[in-house]
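Peer 1: predicted model and sequence below, questions to follow.
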Amino acid sequence: MAIRDGRPVRFTPKGLCDAFDATDAFQGACELLSNLVFDQANPEVVVSRPGVGTPQTSFASFTSPTFVSVQITIGAMVYGMVSTARTPGFDEPFAYNLLTNTFVTISGVTSANVPTSPPTTGAWTPPTMAVISTYIIVTHPGFSGAGANFFGAINIANPAAPVWSSQNLTTNPLTSVPTSVANFNNRAYYSNGNVLNFSDPLTPLIRTNATQAVTLGDPTPITAQSGLPIQTTSAGVIGALVVFKGSSIWQVSGDPATNNLALNYISLTTGCNAPRSVCQGPFGILFIGVDAPYALSFLGTLQALSHSPGSAMPPDLQVPFQNTTQSTRISGCFSGNIYRVCVPTQLSGISQTNDYWFDIRRLRWSGPHSFPYDCASQFGNGFILSGIGSGAALFLSPSLPTPTSSFNDNGAEILVHIRSSAFPKTQQMAEVQVIESTQEFASSGASVNYNITAQDSQGNTINSTFVVTPSQGVTWGGGAVWGGGAVWSTPAIIPRVYNIPWGIPLVFQKMSLDITASSSASISIGTFFARYQNTGYTNVE
């Protein structure tokens, strides 16, 4: 017999948010979507995040490697700097081919032309890399600023035989070690304090005129640079260099060669102290500000990165970034349809390093994901990651699961964990009870054990249970079992409704749903339904 006066309530996971209560957030708000991503074929389902598996390389051919401080991926080649005992306490350049899984030797490296290794904790000035003409320019806080040790240059005119050197600009040299570099109009733009010094076109090692410099506003230092196409009403799309300071954003456009070099401010109140969070996406530059994640559009419009761009609603996720314990250690990258950001933060009094993904098609966040990193670069529709926590290693992190995906991180098992924000208030000012509830799960291949917990508003357990999905797939051989009875999984994951076998009625004013399982290709979590019944009393003291 059905419950009298029951009212069905639906929860479908739609995205991560800061809110503990979904009433004033959005339908499907979650406190946790850990190691889960949105199923691109089914808007009601979340599936396992693909793991990073084993390293693409662990730098075994290097002498006692410890930490990759910066990297950039160009085609199938990863270039970067790694600390080794070849020159103890110093970084050296590397080049790794992702297709052949081999290192390309970089010549010219000596103990006198490499930078000291940066600290692995605390505040730092992150090294940067940019490609200008046939050079990869490397800025690094470990360069001494003595002689020619101002920045590094990898000559890739012959990609099979790259050559390393430390440099300073000739004719009109830099007077201090630059903190960042970017390519704009085929010139290398070097930041020194609040000044951008730029090279000649296609020659990043030469500055012919001392006037090849732009001073940005107040004396506070430049923190980051990024190119951005800008849409204008008079000239169509033009190139621009967006330059960040701690509390302002500037735009450099034009060039001395065409007598139209110009400097304008975009914002004098919003800036960026997280240099590695700055990256280009399909609708502009994405970065982490002091109060929230932001997007700077091609029209020069600055707005919070949100499910409703341009609205007055706050971003779904901002607390982890506001509570960062070291903004200069935030690392971000864009690939496929994912902007991902790894941030050291403090949540509920606990220090942690969390990886969050923003899906630009769904306009929603997922996370926190459990693999930390310090460097990220785009490769195909995935990411190349490295981090001090994993030692000197490069990992391939796909943005979407595939039939060949691994579901472990460097050998460690991944746990998927979804916790809803408290379900929206019933507006009845009464305790409710739930006896009947259902949950959509799906599996393809192996059986999955889903642990399910109902929690009250303080995180206390109301009741716990589990649902085990059966193996799904096609068995070869009809009546005769081929291959010892192995079940072959089907490519489609179609959700199925399961009754949740609670041991007792759930009585609460506010409830959240908590589900955990071991990550695998079989994981698929969809809609939860519960039938609420008003108990007739207001509260349980």
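Peer 2: Looks like it arrived, so ask away.
Peer 1: surely residue 304 is in contact with residue 296?
Peer 2: No - Residue 304 is not in contact with residue 296 according to C-beta atoms under 8 Å; the separation is 11.1 Å. Every residue, glycine included, has its C-beta placed from N, CA and C.
Peer 1: if you count what's nearby, which of these two comes out ahead?
Peer 2: Taking neighbours as other C-beta atoms under 10 Å, residue 304 and residue 296 compare with residue 296 leading, 28 against 21.
Peer 1: what pLDDT does the model give that one?
Peer 2: Reported pLDDT at residue 296 in the predicted model: 92.
Peer 1: thinking it is in contact with residue 302, fair?
Peer 2: Yes - using C-beta under 8 Å, residue 296 is in contact with residue 302, at 5.3 Å.
Peer 1: quick check: neighbours shared by the two?
Peer 2: Taking C-beta atoms under 8 Å, 6 or more residues apart in numbering as the contact rule, the neighbours common to residue 296 and residue 302 are 249, 266.
Peer 1: the strands in the stretch 401-541 of the chain, which residues?
Peer 2: In chain order, the stretch 401-541 of the chain shows strands spanning 408-409, 412-413, 415-420, 432-441, 448-456, 461-469, 474-475, 487-488, 496-499, 506-508, 511-518, 524-534, with DSSP state E, counting those that start in this stretch as the criterion.
Peer 1: and of those strands, who's closest to residue 129?
Peer 2: Ranking the strands of the stretch 401-541 of the chain by proximity to residue 129 (C-beta to C-beta) places strand 408-409 first, at 25.7 Å.
Peer 1: ok, the spatially closest residue to residue 271 that is not a sequence neighbour - contacts?
Peer 2: Of all residues not flanking residue 271 in the chain, residue 247 sits nearest, at 4.2 Å (C-beta to C-beta, 6 or more residues apart in numbering). Contacts for residue 247 were tallied using C-beta under 8 Å, 6+ apart; they are 220, 268, 269, 270, 271, 290.
Peer 1: and the buried ones among those residues, selectable in ChimeraX?
Peer 2: For anyone working in ChimeraX, the buried entries among the contacts of residue 247, judged by 16 or more other C-beta atoms under 10 Å, can be selected with:
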select :270,271
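Peer 1: which of the contacts of residue 247 fall in strands?
Peer 2: Nothing among these maps onto strands, per DSSP state E.
Peer 1: in helices, which of the contacts of residue 247 fall?
Peer 2: Counting by DSSP state H, the contacts of residue 247 place none of their members in helices.
Peer 1: run through the stretch 1-150 of the chain and note the low-pLDDT ranges.
Peer 2: Confidence mapping of the stretch 1-150 of the chain against pLDDT under 70 gives the ranges 1-6.
Peer 1: can you show me the strands along it?
Peer 2: In order along the chain, the stretch 1-150 of the chain carries the following strands (DSSP E, counting those that start in this stretch): 7-11, 15-16, 29-34, 36-38, 46-48, 67-74, 77-84, 90-97, 102-103, 128-132, 135-139.
Peer 1: report the beta-bridge partner residues of the residue nearest the centre of the chain.
Peer 2: Nearest residue to the geometric centre of the chain (C-alpha atoms, centre = their mean): residue 340, 1.6 Å. Each beta-bridge partner of residue 340 is listed here, defined by DSSP bridges: residue 333, residue 357.
Peer 1: which residues touch residue 47?
Peer 2: By C-beta under 8 Å, 6+ apart, the contact list for residue 47 reads 36, 37, 38, 39, 401, 493, 523, 524, 525.
Peer 1: many thanks, we can stop here.
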